[in-house]
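>>> I'll drop the sequence and a predicted model, then ask my questions.
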Amino acid sequence: MTAKSEIDERMLDQALAWQAALEQDDADWDGYMAWLEADPCHREAFDSVALVTAAVDDHRAEIGHLLAAQVPAQDPRKRFSRVFAYAGGGLAAAIALMVAVPMLWTQQVGKTYSAEAGASRTVALANGITVTLSPASSIVVHGKDGRQIDLAGGEAHFDVRHNPSRSLTVSAVGYTISDIGTRFSVTIGGNVFRVGVSDGNISVASPDASEAVQVSAGHQLIAGGGDLTLSPVLASDVGSWRSGRLSYSSAPLSLVAADISRYSRKSVKIDPSLEASHFSGTLVIGDGTRLLPDLAGVMGVRIVAEGNGARIAAR
């Protein structure tokens, strides 16, 4: 297995060069994509440079005042010019700003979007990114351009307009999804991570793998307990909850139980004897009250009431 590479100064310089090149009318998109796919760290380096650039742009005035205090006394017009040339002049300047002005980074507080229990929510972000949250789910969006998103809980469907000059990064329980334009759905629950793609391609970096996994349309990646499973999935089943159904293809039962918990608003647990069980099939959501009985009928399991919740047990 190939050893995992790390971001170095050379990669950052290349990323900075590509960022400048892509702003030109005759940009070499094929060359950029080839460089991006040559190493998983290239995308991370490009995103890091983009984040620094965005932060500098967002705080240009504050940076000017802070740096002006460190510039020796001279003609005010020359000092003003020098400060802003420094603030926008390259990677070295950006790194210096990151070290010298950490207060600017602590101000980059993400904005949280949540969907209440019993209702989904659609959020339109910048750069042609639309996120639909399933009930009782939430995301945290970082930066004005929404390039970095954390899935804090539940499930979210992403519709990303294709734009090679901009990449979206979605993080969830240690996994990082990179995308430049596609449609996919991400779910976390029951210590399981699942991403399904209905259109386009994504790259998933995993803490359990040395290389990113490429997931194309009609496929899903499921991770849990240190295992990664890439398998086919119907494109229509990706984000199927938006049309009133929960569709699964060899999904861990713990993930199914977590989904039912959100839709039924009850705590749903599973017996230890069923922890290795998987489920394939479709459940109609409705008001959420029939999900457990329907699952029991399909799987041949029994539902045991426990306080305000329930437990899925073997017959």
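Thanks, I have it. Values in this document were obtained by computation on a predicted structure and should not be read as measured data.

>>> low-scoring pLDDT stretches of the stretch 201-315 of the chain, where are they?
Residue ranges of the stretch 201-315 of the chain with pLDDT under 70: none are present.

>>> So which residues of it form helices?
253-264, 291-299 (DSSP state H, counting those that start in this stretch).

>>> contact partners of the shortest one?
If you take C-beta atoms under 8 Å, 6 or more residues apart in numbering as the criterion, helix 291-299 is touched by 246, 256, 260, 263-264, 268, 277, 279, 281, 283-285, 301-303, 310, 312. Quick note: C-beta positions are derived from backbone N, CA and C, even for glycine.

>>> Provide a list of residue ranges in the stretch 1-150 of the chain with pLDDT below threshold.
Using pLDDT under 70, the stretch 1-150 of the chain drops low at 1-6, 23-27, 29, 50-109.

>>> For it, just list every one of the helices.
For the stretch 1-150 of the chain, helices defined by DSSP H, counting those that start in this stretch occupy the ranges 9-21, 29-38, 40-58, 60-68, 76-87, 91-100, 103-106.

>>> How far away from the center of its chain is the first one?
On the basis of C-alpha atoms, centre = their mean, to the nearest Å, the separation between the geometric centre of helix 9-21 and that of its chain is 23 Å.

>>> residues contacting residue 206?
174-175, 212-213, 223, 228.

>>> And residue 123, by the same measure?
Residue 123 touches 113, 130-133, 139, counting by C-beta under 8 Å, 6+ apart.

>>> tell me which strands and helices the top strand by length along the chain is in contact with?
In the chain, assigned by DSSP state E, the strand with the most residues is strand 148-160. Applying 3 or more C-beta pairs under 8 Å, 6 or more residues apart in numbering; DSSP states H and E, we find strand 148-160 packed against strand 129-133, strand 138-142, strand 168-172, strand 183-189.

>>> Please identify the deepest-packed of those.
Greatest average neighbour count among these goes to strand 183-189 (a mean of 24), per mean count of other C-beta atoms under 10 Å.
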